[in-house]
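Participant: Provide a 3D model corresponding to the input given below.
(one chain, ligands or ions: 1)
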Amino acid sequence: MTYGFIGLGNMAGAILRGMHRSGAFADDTLCGYNRSERKTLALQEEIGLTPCESAEAVARAADVVVLAVKPQTLCDVLPAIAPLLREAQLVVTIAAGKDTAFYETAFGRAIPVVRAMPNINARVGLSATAVCGGAYAGPEHLETARRMFAAVGEVYPLPEAQLPVFSALAGASGAFIHLYIDALASAGVKAGLARPFAEALACQAVLGAAKLTQESGEHPIALLDQVCSPGGTTIEGVHTLKRLGFESAVQQAIDAIIEKDLRLSGV
Ligand SMILES: NC(=O)c1ccc[n+]([C@@H]2O[C@H](COP(=O)([O-])OP(=O)(O)OC[C@H]3O[C@@H](n4cnc5c(N)ncnc54)[C@H](OP(=O)(O)O)[C@@H]3O)[C@@H](O)[C@H]2O)c1
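Facilitator: Next comes the predicted model:
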């Protein structure tokens, strides 16, 4: 099976490198086209990607056509490839904010479409990717998409209606974590640590807490209780965060992302 990417930017690059690294996809099954040539040549050199000369060439050549351009660029790409697509192909789209019906309407035929929502942690093999099938996608199409995205992390089949909350929790929240790591590191610097060391400690704390929660299967609050000795130092910090509205700020930030996502996708 051949996989052809239209758009070879940050996300496509991360997915293609992950597919290459996984060893589950032969190099000659990966091809792609990008508007500017530089990214194509870099991927050709790095992972053996076969360059295509246009989006149309990808649509002609690939069994799985992956749409990895920005949502606002889809209006250039879809009319060009629509007449060339065949029902035996699969279109996988990672563009945010456009539902499967949008593509089905643009194609005007029973072309199977799977919408996937990965995130940039795909660069380190730790994406959480949601996949959902459109009206013409069957279990075999979802399985093809699952195999692709399993190369860059965990994959979760989901109803399309849950994509906004999924993308807030699994994707956008990564920005909160970066903010948190920076705030922790900066507090360490204020208290006298060198910045690189403070950052390393903050990253290790986030990694460790996430892994402990995942592997212990315990409720996060049960784990929190275990590190808060009565009258100790940690509970002082936890109370300070609560008093300053930490949990409410996180909740409101997720609500705001979901609301904006729904507004942009016109729901
Ligand atoms: N970044 C994320 O965390 C993330 C997460 C989930 C989903 N997504 C979705 O992934 C898609 C790509 O995002 P990205 O962050 O990878 O963006 P990006 O780095 O800007 O990549 C988009 C690429 O598309 C290329 N392009 C533009 N018009 C084209 C055309 N007509 N034909 C072929 N290639 C064209 C651009 O080429 P140039 O080099 O010429 O600009 C660029 O390399 C978006 O739809 C986004 O919603 C992104």
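Participant: Please count neighbours and contacts with C-alpha atoms only from this point.
Facilitator: OK.
Participant: Quick one: name the residues of this structure near the ligand.
Facilitator: Those residues of the chain that sit near the ligand, judged by C-alpha under 6 Å from any ligand atom, are 6-12, 33-36, 55, 68-71, 73, 76-77, 94-96, 117-120.
Participant: Pull out the buried residues from these.
Facilitator: Among the residues of the chain next to the ligand, those classed as buried by neighbour count (16 or more other C-alpha atoms under 10 Å) are 6-9, 11-12, 33-34, 55, 68-69, 77, 94-96, 117-120.
Participant: Can you tell me which of the residues of the chain next to the ligand end up in helices?
Facilitator: Where the residues of the chain next to the ligand overlap with helices, as defined by DSSP state H, the overlap consists of 10, 11, 12, 55, 76, 77.
Participant: Would you convert these into CSV that also reports pLDDT?
Facilitator: Below are those laid out as CSV (pLDDT from 0 to 100):
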residue, pLDDT
10, 96
11, 97
12, 98
55, 98
76, 93
77, 97
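Participant: How confident was the prediction at the residue in the stretch 151-267 of the chain positioned nearest to the ligand?
Facilitator: Taking C-alpha to the nearest ligand atom as the measure, the stretch 151-267 of the chain has residue 171 as its residue closest to the ligand, at 6.8 Å. Per-residue confidence (pLDDT) for residue 171: 94.
Participant: ranges for the helices of the protein?
Facilitator: With DSSP H as the definition, the chain shows helices at residue ranges 10-22, 37-47, 55-61, 74-81, 100-107, 139-150, 163-166, 173-190, 195-216, 220-227, 233-243, 246-264.
Participant: Show me what the longest one packs onto, helices and strands only.
Facilitator: Think helix 195-216. The contact analysis (3 or more C-alpha pairs under 8 Å, 6 or more residues apart in numbering; DSSP states H and E) places helix 195-216 against helix 173-190.
Participant: can you list the residues that contact the helix it packs on?
Facilitator: With contacts defined as C-alpha atoms under 8 Å, 6 or more residues apart in numbering, helix 173-190 is touched by 194, 195, 198, 199, 201, 202, 203, 206, 254.
Participant: Narrow the residues you listed to just the buried residues.
Facilitator: Buried positions within the contacts of helix 173-190, assessed by neighbour count (16+ other C-alpha under 10 Å), are 195, 198, 199, 201, 202, 203, 254.
Participant: from those residues, which is closest to residue 20?
Facilitator: Residue 20 has its nearest neighbour among those in residue 203, at 27.2 Å by C-alpha to C-alpha.
Participant: Which residues are in contact with that closest one?
Facilitator: By C-alpha under 8 Å, 6+ apart, the contact list for residue 203 reads residue 181.
Participant: ok, now with 10 Å
Facilitator: Residue 203 makes contacts with 177, 178, 180, 181, 182, 184, 185, 197, 209, as judged by C-alpha atoms under 10 Å, 6 or more residues apart in numbering.
Participant: State the pLDDT value of it.
Facilitator: The predicted local distance difference test score for residue 203 is 98.
Participant: Check the one 3 residues further on too.
Facilitator: Reading off the confidence values, residue 206 has pLDDT 98.
Participant: for it, what are its contacts?
Facilitator: With contact set as C-alpha under 10 Å, 6+ apart, residue 206 has these partners: 177, 180, 181, 212.
Participant: now do residue 263
Facilitator: Residues counted as contacts of residue 263 (C-alpha under 10 Å, 6+ apart) are 97, 257.
Participant: Any figure for the gap between it and residue 252?
Facilitator: Remark: distance between residue 263 and residue 252 (C-alpha to C-alpha, to the nearest Å) = 16 Å.
Participant: before we move on, what about residue 103?
Facilitator: In this structure, residue 103 and residue 252 are separated by 32 Å, where distance is defined by C-alpha to C-alpha.
Participant: Residue 253 is in contact with residue 168, isn't it?
Facilitator: Yes. Here residue 253 lies in contact with residue 168, judged by C-alpha atoms under 10 Å, at a distance of 9.0 Å.
Participant: Looking only at residue counts, what's the top strand in this structure?
Facilitator: Counting residues, the longest strand in the chain under DSSP state E turns out to be strand 127-133.
Participant: helices or strands next to it in the packing?
Facilitator: In terms of contact count using 3 or more C-alpha pairs under 10 Å, 6 or more residues apart in numbering; DSSP states H and E, strand 127-133 is assigned the packing partners strand 90-93, strand 113-117, helix 139-150, strand 153-157, helix 163-166.
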